[in-house]
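Trainee: quick one: sequence plus predicted model below, questions after.
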Amino acid sequence: MTTFSLKIIASDKTFYEGKAVSLVIPTIDGEKGILAHHEEMVIAVSIGELRFKLEDNTEHRAVIGSGFAQIANNRVMVLVDSAERPEDIDEKRAEEALERAKEQLRQKQSIQEYHMSQASLARAISRLKGKGIDHINL
């Protein structure tokens, strides 16, 4: 199997560094799949679930924040605000964050505060979906 070098960096840590066979990242337009020797580009990454497969066919998932990915010379570097394994997500905290974000959106806010509240809501929903919870009430 042909591989490429993958490095996933969150604002507080290096989430993963090594070889990968495939990568699927969330983007503004949907998901983008990347294989070895992909054309060079820079992609805006959205809040959502990132998936990658290693040489031994193990699949890994991460709930990520927004950022960007750079593909060049058979190397992919993903720089994001946050990256968490689904098993590391505290379901209760994520549900509380969802409720806080919904409450913030109900209040009068400046445009900047509104966009920050929307981002908080998207992050909370993404974390809950990453945990396998699909019954999210908005």
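Mentor: Received the coordinates, thanks.
Trainee: any idea how the protein splits into domains?
Mentor: The record's domain parsing of the chain by automatic domain parsing lists 4-86, 89-130.
Trainee: against A69, how distant is the residue nearest to N73 when sequence neighbours are not counted?
Mentor: Nearest residue to N73, sequence neighbours excluded (CB to CB, 6 or more residues apart in numbering): E40, at 7.5 Å. The C-beta positions use only the backbone N, C-alpha and C, and glycine is treated the same way. Distance, E40 to A69, using CB to CB, to the nearest Å: 11 Å.
Trainee: name the residue in those two with the higher neighbour count.
Mentor: A69 (22 against 10; other CB atoms under 10 Å).
Trainee: for that one, which three-state class applies?
Mentor: strand (DSSP: H, G, I helix; E, B strand; the rest coil).
Trainee: that older thread, contacting residues for the residue nearest to N73?
Mentor: I71, A72, N73 (CB atoms under 8 Å, 6 or more residues apart in numbering).
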